[in-house]
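Novice: Sequence first, then the predicted structure, then my questions.
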Amino acid sequence: MERLYDVADNQGLLELSDEQREELRGWAQSRSLPAGYVFRARVILALADGLTYRQIEQTLGASAPTVSKWKSRFEEHGIEGLQGRHQGSKPRRATPAVQGRVIRRAQQKPSDGSTHWSCRKLAEELGVSKSTVQRILAQAKLRPHRLESYMASNDPEFESKAADIIGLYLNPPQHAAVFCVDEKTAIQALDRLDPVLPLSPGRAERHGFEYYRHGTLSLSAALNVKTGMVEGKTARRHTSAEFIEFLSGLVNKAKWAREIHIVLDNLSAHKTPAVEQFLAEHPKVRFHFTPTY
């Protein structure tokens with residue numbers, strides 16, 4: 001144990017064990033602890049080294065009352081006495097009534113015709129702060145700015161068709177090819193009338209505003225569910241004959257398959273007599289129509 005006594009400032013007796021001194025030195029040299037902990041450790045170490053209050057005030061910038069306070073706390077509680085006693089302010093919480101008002105109003109349409117609420121607009125409407133609205137909405141997991149779309153199908157066979165297609169995706173038959181087919185119609189083939197001007201120092205690349213239409217194209221694409229490869233074909237028109245030609249290409253590419261399953265939508269071009277004749281001539285090709293809408 002060390003005993004240091006300063007007669008000049010009448011500081012009294014301060015004792016430090018080796019363990020306390022080592023721990024306080026770690027605090028004083030730490031770069032991760034709060035600054036208050038580092039400061040208090042340096043004050044106690046200075047007292048233990050025999051510095052007077054006046055010397056500590058000059059070196060550490062601590063007033064005599066501050067040094068006396070932490071010295072007395074250390075003598076009474078040891079190193080634990082150097083920890084701050086202020087628990088911090090409790091986070092402000094809106095009353096249940098305010099939370100209910102915010103949540104209820106957030107689920108209603110704005111009265112000014114806007115598409116959705118913003119935190120600022122809702123705060124002005126209810127007379128609370130924007131931060132309060134943000135906290136309440138976050139706790140309730142409400143996101144007025146988010147919008148998701150859905151489609152309600154009126155197909156009476158919705159469940160059976162969905163189960164059939166999901167089964168093909170998750171557990172396709174052995175020695176079978178599964179394609180998901182769709183078309184993109186009326187794709188415009190555009191070309192710019194003016195040449196593209198390359199970028200130069202201080203100027204970005206520039207494109208002409210006007211363009212010329214070279215007509216439209218239809219794109220048919222088939223996703224091989226097993227491999228992830230996409231087979232595509234363009235056509236001038238979107239007719240049943242073009243669709244049959246595209247199917248013939250798929251059949252030629254999947255000659256190895258004992259069965260070819262085609263998942264497709266309910267477009268009229270997929271249900272013509274010519275398509276039915278194609279299916280009759282190719283019995284291993286089977287259609288799986290998605291539910292309507």
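Specialist: That came through, no problem. This one's a predicted model, so the numbers in the text were calculated from it and none came from an experiment.
Novice: so where's the stretch 151-293 of the chain uncertain?
Specialist: For the stretch 151-293 of the chain, not a single residue meets the criterion pLDDT under 70.
Novice: Let's see that with 90 instead.
Specialist: Where the stretch 151-293 of the chain drops to pLDDT under 90, the residues are 151-155, 171-174, 183-196, 207-219, 225-227, 232-240, 253-255, 257, 266-269, 292-293.
Novice: all strands for it, in order.
Specialist: Ranges of strands in the stretch 151-293 of the chain, per DSSP state E, counting those that start in this stretch, are 176-192, 211-224, 230-235, 259-264, 285-289.
Novice: contact partners of the last one?
Specialist: In other words, strand 285-289. By CB atoms under 8 Å, 6 or more residues apart in numbering, the residues outside strand 285-289 that reach it are 161, 164-165, 168, 247, 251, 259-266, 270, 278-279. C-beta coordinates here come from the backbone N, C-alpha and C atoms, glycine included.
Novice: Kindly supply the ChimeraX command isolating those of the residues you listed that are buried.
Specialist: Typed into ChimeraX, the line below selects the buried ones among those, using 16 or more other CB atoms under 10 Å:
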select :161,165,168,247,251,259,260,261,262,263,264,270,278
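Novice: For burial, what's the neighbour tally of residue 64?
Specialist: When neighbours are defined as other CB atoms under 10 Å, residue 64 has 14 of them.
Novice: Tell me the confidence at the spatially most central residue of the chain?
Specialist: In the chain, the C-alpha nearest the mean C-alpha coordinate belongs to residue 146, at 12.7 Å (CA atoms, centre = their mean). With respect to pLDDT, residue 146 scores 86.
Novice: what about it, is that helix, strand or coil?
Specialist: coil (DSSP: H, G, I helix; E, B strand; the rest coil).
Novice: Can you tell me how far it is from residue 107?
Specialist: Using CB to CB, to the nearest Å, we find residue 146 at a distance of 13 Å from residue 107.
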